[in-house]
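J.: pasting a predicted model and its sequence here:
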Amino acid sequence: MTAALDPDYVRATDEVKKAGMGTADPLKMPLTQAREMQRRYFQFLAGEVPEVAAVQDYTLRTDFAPFRVRLYFPSLAKPLPVLVFTRGAGWWAGDLDSHDRTMRLLARKSGMAVCGVDYHCAPEARFPVQLDELLAAVRWLRTEGTSLGIDSGRMVLIGESAGATLSALAASRLGNEQVNGLVLFYGNFSGPSERSREYSRWVWSNFLGDSGANTAAVPLHADLSRLPPTWLGVGECDPLITDTMEFAERLESAGIPHTVRRYPGVPHAFLMMSRLFDGADRALTDAAEVAQAFVRRPES
């Protein structure tokens, strides 16, 4: 990273450190310990969560195992268009509670329902389990949308980091007839390579298994020709910014309408800092406004 960090972001991270919190390094501690440390970190970042009109958990099934989804409704007006949210945390950490604040804010800012997908973590579950669970959630929303208060004909997939990777892969399978738009924050779109950071190589190996390679798991190897309009957000201090720019080039080649928003002075995973850093809150507002535009119906 060569760009300077935003001073407000630095102050936010200082507050995290003063509270004795921080991100976990699964390369330096047992995975169970790393997950617990990451859970406490996410809990601190969330603080008091904003109110929404209704929250409901459901359990869905795939061939692998049952998994949870959570619906957030910003109002009781129904049916509402839906944002399908897939979390980051390297496929190895997090759950519905870890990203509860982010999903609540997205619901409030967009006026759309938000469906959080609690995919199984790696290495206990490996690709394509997580992708299958996201696709199963989309199918469920399309099938049961009316009874749930969802207008499943107006759907946007949104993900951050590992969740952006899964969202891009899911959209490449679903096509633009089922998904109105994609909102992707700082995804790992290019997959593992010898040039990747040690942590990134570990994440992909953890996700894919011993082989460490599977082109079906890498968005830059997917067929992007059927993707819906796509919005890409990434920090200029993010080591994965090259992934976002390469993905944008592929979208350009495929003729897919897209926008890239580069956020100055912020690194990877900055979106989680919305309670402490106004820049993250503004980025969530950007995402909500883009999602609204994707599902907006032309005036008759």
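T.: Alright, I've got the coordinates. Residues are numbered from 1 along each chain as shown.
J.: assign a three-state SS to the spatially closest residue to Leu106 that is not a sequence neighbour, would you?
T.: Take Leu106 and drop its neighbours on the chain: the residue closest to it by CB to CB, 6 or more residues apart in numbering is Val114, 5.2 Å away. Glycine gets a C-beta too; all of them are placed from N, C-alpha and C. The local conformation at Val114, judged by DSSP: H, G, I helix; E, B strand; the rest coil, is strand.
J.: ok, Val114 to Thr32 distance?
T.: 29 Å (CB to CB, to the nearest Å).
J.: helices of the stretch 1-150 of the chain, start to end?
T.: 7-18, 31-46, 100-110, 129-148 (DSSP state H, counting those that start in this stretch).
J.: what of the stretch 201-300 of the chain?
T.: Using DSSP H, counting those that start in this stretch, helices in the stretch 201-300 of the chain cover 241-254, 278-295.
J.: still on that earlier bit, ok, Val114 and Thr32, which is more surrounded?
T.: When Val114 and Thr32 are compared for neighbours, Val114 comes out ahead with 28 against 9, by other CB atoms under 10 Å.
J.: how close does that one get to Met103?
T.: 5 Å.
J.: which residues are in contact with each of those two?
T.: Shared contacts of Val114 and Met103 (CB atoms under 8 Å, 6 or more residues apart in numbering): 72, 85.
J.: what residues are up against Arg173?
T.: 131, 135.
J.: next one: Lys109 from Leu240, what distance?
T.: Distance from Lys109 to Leu240, by CB to CB: 25 Å.
J.: low-confidence ranges, this structure, go.
T.: By pLDDT under 70, the weakly predicted segments of the chain are 1-2, 210-213, 299-300.
J.: most tightly surrounded among the helices of the stretch 201-300 of the chain?
T.: Highest mean neighbour count among those (mean count of other CB atoms under 10 Å): helix 278-295, with a mean of 19.
J.: who does that one touch, helix- and strand-wise?
T.: helix 7-18, helix 100-110, strand 150-160, strand 181-185, strand 230-235, strand 258-263 (3 or more CB pairs under 8 Å, 6 or more residues apart in numbering; DSSP states H and E).
J.: so what are the sheet partners of the last one and their directions?
T.: Here strand 258-263 has these sheet partners by DSSP bridges: strand 230-235 (parallel).
J.: okay, the angle between the strand it pairs with and helix 278-295?
T.: For strand 230-235 against helix 278-295, the angle by axes from the mean of the first three to the mean of the last three CA atoms, to 10 degrees is 180 degrees.
J.: tell me how far strand 230-235 is from the chain's mean position?
T.: 11 Å (CA atoms, centre = their mean, to the nearest Å).
J.: can you list contacts of it?
T.: Under CB under 8 Å, 6+ apart, the answer for strand 230-235 is 171, 181-187, 240-241, 244, 247-248, 251, 256-268, 270, 283, 286-287, 290.
J.: one more time with 7 Å
T.: 181-186, 241, 244, 247-248, 251, 256, 258-263, 266-268, 270, 283, 286-287, 290 (CB atoms under 7 Å, 6 or more residues apart in numbering).
J.: before we move on, what about stretch 54-67?
T.: By CB under 7 Å, 6+ apart, the residues outside stretch 54-67 that reach it are 68-73, 76, 118-120, 125, 129, 132-133, 136-137, 140.
J.: swap the cut-off to 8 Å and go again
T.: Contact with stretch 54-67 is made by 68-73, 76, 96, 117-120, 125, 129, 132-133, 136-137, 140, as judged by CB under 8 Å, 6+ apart.
J.: select only the buried ones of the residues you listed in ChimeraX?
T.: With 16 or more other CB atoms under 10 Å as the criterion, this ChimeraX line picks the buried residues out of those:
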select :68,69,70,71,72,73,96,117,118,119,120,125,129,132,133,136,137,140
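J.: how many residues are close by the closest residue in space to Thr165 that isn't next to it in sequence?
T.: Distances taken as CB to CB, 6+ apart place Gly187 nearest to Thr165, at 4.8 Å, with adjacent residues excluded. Look at Gly187: counted by other CB under 10 Å, it has 27 neighbours.
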